[in-house]
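> The amino acid sequence is not available; the structure is as follows:
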Ligand code: HEC
């Protein structure tokens, strides 16, 4: 294997590891009762959230704040309830969403 392809393989491995870890955080914090990757449930899909917020300045910080404090009126009539217990993981989850 060429060194460059080895590097690529390593990068892919590391990135997929992070994605899996963050999906696990979303599961651990019970976000998945309302959010799914591609099926709209009570809340918008992870993909829809990514699309809406990509390119917004400070999107990561803003999303982390919405996760902890809740949000409303951006996707429909149902508000997002505050998830204070997810505080420690909010930044990681927000970062993950923006990579989708
Ligand atoms: C009871 C259902 C419910 C749960 C549980 C829930 N959400 Fe939400 N979430 C919503 C709804 C509904 C919205 C849309 C709010 C709106 O229209 O602004 C939303 C919006 C969001 C947004 C988009 C914010 C924005 O301003 O673009 C993010 C990010 C998010 N949720 C993350 C999470 C995470 C992470 C968790 C778990 C820690 C979680 N949600 C748990 C219902 C839920």
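Ah, there it is. If you're wondering where the values come from, they're calculated on a predicted model, not measured in any experiment.
> what about this structure, any weak spots by pLDDT?
1-3, 6-17 (pLDDT under 70).
> Residues of it that sit close to the ligand?
26, 29-31, 33-35, 42-44, 49, 52-53, 63, 66-67, 71-76, 78-81, 83, 86, 93, 97 (Cβ under 6 Å from any ligand atom). Bear in mind the C-beta positions are built from the backbone N, C-alpha and C, glycine included.
> Helices of this structure, start to end?
3-28, 46-53, 59-69, 87-97 (DSSP state H).
> can those helices go into CSV with extra columns for mean neighbour count?
Putting the helices of the chain into CSV (neighbours: other Cβ atoms under 10 Å) gives the following:
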stretch, mean neighbour count
helix 3-28, 12
helix 46-53, 17
helix 59-69, 18
helix 87-97, 19
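> How about residue 69: what's its closest non-neighbour residue?
residue 82 (5.2 Å; Cβ to Cβ, 6 or more residues apart in numbering).
> Can you give me the neighbour number for the one you found?
Residues lying near residue 82 (other Cβ atoms under 10 Å) number 14.
> Next, work out how far apart it and residue 72 are.
11 Å (Cβ to Cβ, to the nearest Å).
> Also residue 38?
23 Å.
> So between the two, which is more surrounded?
Shown here are residue 38 and residue 72; by other Cβ under 10 Å, residue 72 has more neighbours (12 against 8).
> any idea how far the more buried one lies from residue 97?
Residue 72 is 18 Å from residue 97, by Cβ to Cβ.
> Touching, residue 86 and residue 22? I think so.
No. With contact defined as Cβ atoms under 8 Å, residue 86 does not reach residue 22; the gap is 11.9 Å.
> For residue 91, which non-adjacent residue is closest in space?
Using Cβ to Cβ, 6+ apart, the closest residue to residue 91 is residue 64 (4.6 Å).
> Can you give me every residue that contacts the one you found?
90-91, 93-94 (Cβ atoms under 8 Å, 6 or more residues apart in numbering).
> Pull the most distant pair out of those.
91 and 93 (7.4 Å; Cβ to Cβ).
> which residues do residue 86 and residue 22 both contact?
residue 93.
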